[in-house]
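Colleague: this one's sequence-less:
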C-alpha cells in the first residue's frame with residue numbers, strides 16, 4: 001500500500017511548473033532543500049520527500065520488500081501534488097536510485113507527467129562487480145532479506161565541494177549499508193528500466209535548464225544530465 005512519507009515543499013509565488021524530487025540511495029529529501037528553494041525562486045514549485053527506508057520515514061533503514069513499493073509511493077505523492085496544482089505541468093526529477101524509481105513510474109499508464117529528469121540514473125551500476133541478479137543472491141534475498149550490504153559510497157564522487165562532502169559523511173540520516181533485498185530489487189528495477197527505454201524520447205538537461213532559467217552555475221553543473229519524457233507508442 002502506498003505511504004504518505006515525510007515531505008517538504010518550496011512553493012513559488014507565481015509558479016510555471018511543479019517538480020517532485022526523488023532522492024537517491026542512502027540519502028534523504030533535506031539534502032535537496034537549498035536547490036528546491038532556488039527553483040521556487042525561479043517560479044517552479046517543488047516537493048521533495050523521503051523515500052521508504054530513508055530519512056525520517058518509519059521502519060528499517062535502506063530496506064524494501066519490493067522496489068515497486070517505492071514506485072507506488074512516488075505515484076501517490078505525485079498524484080497528490082498534482083491535484084493541489086492542477087493548472088501546472090508536473091515534472092519529476094530522480095537522482096541515482098530515485099532516477100530508476102522515476103523511470104519505472106513514468107512507464108506506468110497512470111503516470112501523468114509532462115517530463116522526467118534523470119541524473120546519475122544507476123542504469124549501469126550493477127554491470128560492475130558481483131551481479132545481484134545471480135540466482136544465489138536472488139535466493140538469499142528471499143531467505144535472508146535483512147542481511148546488510150556495505151554501500152562503499154565515495155563522497156568524493158558526490159560533489160567537488162568539500163563542505164558538501166563533510167556534511168554527507170557526518171549526516172546521521174545517511175546509512176552506510178542497505179539490505180540484501182533492496183540491492184537485489186534495485187538491480188531488477190534497473191533491468192526493467194533499460195527494457196522500457198524505447199518508450200521514451202530524450203533531450204539533454206541543458207535544454208531543460210534553459211527553459212527553467214536556472215542560474216548559469218546550475219546550468220553548467222547539470223549540463224550532462226538527460227531529460228526524458230514518455231512517448232505514446
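Modeller: Okay, I see it. Computed from a predicted model, the values in this text were never measured in an experiment. Numbering: from 1, shown residues only.
Colleague: hey, let's count contacts and neighbours off CA atoms from now on
Modeller: OK.
Colleague: pick out the residue closest to the middle of the chain.
Modeller: residue 98 (1.7 Å; Cα atoms, centre = their mean).
Colleague: just to check, that one is in contact with residue 23?
Modeller: Yes: applying Cα atoms under 8 Å as the test, residue 98 and residue 23 come out as touching, 5.1 Å apart.
Colleague: what distance separates the helix ranked longest in the chain from the centre of its chain?
Modeller: Longest helix of the chain, by residue count under DSSP state H: helix 67-84. Put simply, helix 67-84 sits 12 Å off its chain's centre (Cα atoms, centre = their mean, to the nearest Å).
Colleague: who does whatever helix or strand comes next after it pair up with?
Modeller: On the C-terminal side of helix 67-84, the closest following helix or strand by DSSP states H and E is strand 90-95. Here strand 90-95 is paired, per DSSP bridges, with strand 17-22 (parallel), strand 115-119 (parallel).
Colleague: what residues does the helix or strand that strand 90-95 is followed by touch?
Modeller: As assigned by DSSP H and E, the chain's next helix or strand after strand 90-95 is helix 97-106. Residues from elsewhere that reach helix 97-106 (Cα atoms under 8 Å, 6 or more residues apart in numbering): 22-25, 70-72, 74-75, 92-94, 111-113, 116-123, 186, 189-190, 192-193, 230.
Colleague: nearest residue to residue 11 other than its sequence neighbours?
Modeller: residue 45 (4.3 Å; Cα to Cα, 6 or more residues apart in numbering).
Colleague: any idea where the strands of this protein begin and end?
Modeller: All strands of the chain, identified by DSSP state E, fall at 7-10, 17-22, 44-49, 90-95, 115-119, 148-150, 177-179, 200-204, 226-230.
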